[in-house]
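[1] Sequence and predicted model, in that order:
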Amino acid sequence: MSGQLIPQLLFQGWSPNGGFLSGGLLYTFQAGTNIPATVYGDPGLTGALTNPVQLNSLGEALIYLTPGQAYKFNLTDSNGNQIPGYPVDQVNSALSFPSVGSNIVPSVNNFYTLGTPTFSWAAVYVNGAPVPSYPISASETAASVIPTALQYIWGNVLRYGADPTGTADSTTAINNALLSNASVYIPSGAYLTSASLNVQSNQTVHGDGSQSVITCANGAITNFSLSSITRAFIRDLKISVTGTGFVGEAAGIYLLNATYCVIESVEMVGCNWSGVWMDAASNYNTVRKCYFHGFSEPAGSGGDVRIYSAHGAGTTAPSYNIIEDNIMYGGGGFGVGIEDPDSATVAAGFPRFNLVQGNRVGAHLTYGLLNYMPGGVGAPSINSGNQFINNYIENISGLCPTNNSSGAGIYQVGVGGGGTQIIGNEIVNCCTNTMNRSLAPGGIGISGLPTGLTPPVIMGNTISNMSQGDGILIVSCLGPTIVEGNSIAMPSSNNGTGPGGATMQGNGLRIEATSNVTVGPNTVQTFCPGSALFIYANGINNNNISISGGNYSNFATGTGNPLQTAQNGGFSVTQLQITGALFSSLTSADALSLSAVIVGALVGCTGASSTGRGLFINASTFIRVTGGDYSTGTGSVAIATGGTCTRSFIDKSCYFGGVSSLINNAGTGCIIEWYVANSTIPTTGTFAVGDHAIPIAPAVGSPKGWFTTVAGTPGTQSSEGNL
């Protein structure tokens, strides 16, 4: 509520010198005539005043007018001398527009209501200009821009002729606003455009949120172009592309060599390739709190935000950009794609040190988040250091017509992937229609890392409901990778019956054709036939795999192991170190199934199987097992070997129950040293030459222990003499 001035309670006249008009004479006439008209001294209009009305010593008189009667007033002093400014006509007039031909506000002290809720003024003009009126500014003059509606303030696109009904093309009007103002306002409405809108440096472009719509039927153009500018700010708008069909390399907002720009709270719908595209040396820009949805790009090469250089022959790429807190349901190729142009040969050609955090990425065709760093021919290994932190990703299909091995929630590939951080993301239901494994289909897929890089870190991620593909897949990598603190739950539906068939049967954590991986404590649960941790020497040796801590469990009926190593093509897993990890099978599957390992150590691990074996070593050499617990539930064997296991050794610090029948050392070359639960010679179990049974409770006069001198079940056990 606002206050108002007190009304004039008495008529008061003033002399020309500013004094009270004592004894002044007020003549009252019918408006526009010299015919006397009566005025009254009371509101009931019962006491007519004299005409003229004589004013008191203060120049005052109490006067009431007849409603609907228009008057003309004339004022003189007591001697009949005319008072300047009088006569005044049309006092108390019932106004009728537009027939009024004289001043409708006869006194500065009269109050009039202009318009009603059903009767409004289109414009009010004074001296030929609208009121309010904003004159042509110096910046408009400098830009040779002539406004067409001066009643709108500088920067309002309506000032330059933009049509909020979407009937007329507003491209020229909006560009004129952009040419001549530091702040451009796009009010609520739908503005039809047919060409790019060119944003300037140090400019803010803003509207009324999703009520301010830039609409375009041509999917082949860029809606807002930010070319070689700095510090532009676009916010609170909607970009709607109504044309359909993939046209390639068009974007809702295109940044080319643009720096320190901000795109905030912009809704984008219907884009035919990408929502926001950062190209060339577009650095230090931010895209936040935007909403991408309903894109019509079917080829899978575009996305909601693309950080990619199509210029400079791979010598420059966008870096140091932030993509945060966006809702990404565009449905095209990917949510965010960070990509070199397939030709980077120097460090600057790789997009580096970009941050993607806090985004919610919904259904897309190829990837949720993409870090694509293959480089050109002869490209060096580069630490690009891009970060993917605390994003939520779901429902990535892999239904790309040109790439049916896609579908990962987060995918990183190439020589420029050093120093990448994939931390704290939640990934749900990806690879739903992936058909093959030629790339890295998983909740998180890492591929093609060379040696000599700062290790990428995959830490603290949660992966669930993967009906196809692996939870985390590291494939064809030579360089170091760190995987720790992740939580993976593989559903029973991941059983090889999906669109990709058996080839897409997944594992919780899969390390394939890869070396130099450090695996910290992770929690992996499989409710499907796949293994919780699968290390696969497929066509190449896996070297230097270190696993520390963690809980790997299989809850499904099937063949999946909590830990499984395997090979294809005669290759091996070499230098495998596992310390303090827990492997638990609630099925008949072995808790730990080691095959094709050369040089390995299991230290203080736990392998527990409900009805299977705690530990199985097959065709693995130079394996040392110390400490830990490999007992089983109701299984008949706790520790077993098979094939050639030369120089492998399981020492007496391992616990498995101390009953000889729980050992099946049917392989060759592995020696088991174990504590027998009593001082009785082993009569059950299968032993190899050199196995050594030691009484857990030695007694004087009883054997110190027994060595197996002839392999068999139980073989020949020879005493090493009495105590």
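    All right, it came through fine. Numbering: from 1, shown residues only.

[2] For the protein, give me the ranges with low pLDDT.
    For the chain, the stretches with pLDDT under 70 are 1-8, 93-131, 245-248, 312-314, 557-558.

[3] farthest residue from the center of it?
    Relative to the mean C-alpha coordinate of the chain, counting by C-alpha atoms, centre = their mean, the farthest residue is residue 79 (86.2 Å).

[4] State the distance from it to residue 158.
    Computed with C-beta to C-beta, to the nearest Å, the distance linking residue 79 and residue 158 is 58 Å. For every residue, glycine as well, the C-beta is placed using N, CA and C.

[5] same thing with residue 353?
    The span separating residue 353 from residue 158 equals 42 Å under the rule C-beta to C-beta.

[6] Those two: which is more packed in?
    residue 158 (22 against 15; other C-beta atoms under 10 Å).

[7] Now the closest residue to that one other than its chain neighbours: which helix or strand?
    Nearest residue to residue 158 in three dimensions, chain neighbours excluded: residue 152, at 4.7 Å (C-beta to C-beta, 6 or more residues apart in numbering). No secondary structure element spans residue 152, as it lies outside all helices and strands (assigned by DSSP states H and E).

[8] How about residue 473: which residues does it bridge to?
    The bridge-partner assignment for residue 473, based on DSSP bridges, gives residue 445, residue 510.

[9] my guess is it contacts residue 508, does it?
    No - Residue 473 lies out of contact with residue 508 (C-beta atoms under 8 Å); the separation is 10.1 Å.

[10] the more surrounded of these two?
    Using other C-beta under 10 Å as the criterion, residue 473 and residue 508 rank with residue 508 on top: 33 against 27.

[11] What are the neighbouring residues in contact with the more buried one?
    Each residue near residue 508 by C-beta atoms under 8 Å, 6 or more residues apart in numbering is listed here: 470-472, 488, 490, 524-526, 530-534, 552.

[12] again, only using 6 Å
    The contact partners of residue 508, by C-beta atoms under 6 Å, 6 or more residues apart in numbering, come to 471, 488, 490, 524, 526, 532.

[13] Tell me the spacing between it and residue 600.
    The span separating residue 508 from residue 600 equals 20 Å under the rule C-beta to C-beta.

[14] Quick one: the strands in the stretch 201-350 of the chain, in order.
    With DSSP state E, counting those that start in this stretch applied, the stretch 201-350 of the chain shows strands at 204-207, 212-216, 224-227, 233-241, 251-256, 262-269, 274-279, 286-288, 291-293, 303-308, 322-324, 327-329, 334-339, listed in chain order.

[15] Serialize those to a markdown table and add fields for mean neighbour count.
    Written out in a markdown table, the entries for those read as follows (neighbours: other C-beta atoms under 10 Å):
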| stretch | mean neighbour count |
| --- | --- |
| strand 204-207 | 22 |
| strand 212-216 | 23 |
| strand 224-227 | 23 |
| strand 233-241 | 23 |
| strand 251-256 | 27 |
| strand 262-269 | 22 |
| strand 274-279 | 30 |
| strand 286-288 | 21 |
| strand 291-293 | 22 |
| strand 303-308 | 30 |
| strand 322-324 | 21 |
| strand 327-329 | 22 |
| strand 334-339 | 29 |
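
[16] Export those strands to a markdown table and append columns for distance to residue 71.
    Putting the strands of the stretch 201-350 of the chain into a markdown table (distance: least, C-beta to C-beta, whole Å) gives the following:
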| stretch | distance to residue 71 |
| --- | --- |
| strand 204-207 | 51 |
| strand 212-216 | 50 |
| strand 224-227 | 61 |
| strand 233-241 | 53 |
| strand 251-256 | 64 |
| strand 262-269 | 58 |
| strand 274-279 | 67 |
| strand 286-288 | 65 |
| strand 291-293 | 63 |
| strand 303-308 | 71 |
| strand 322-324 | 69 |
| strand 327-329 | 66 |
| strand 334-339 | 75 |
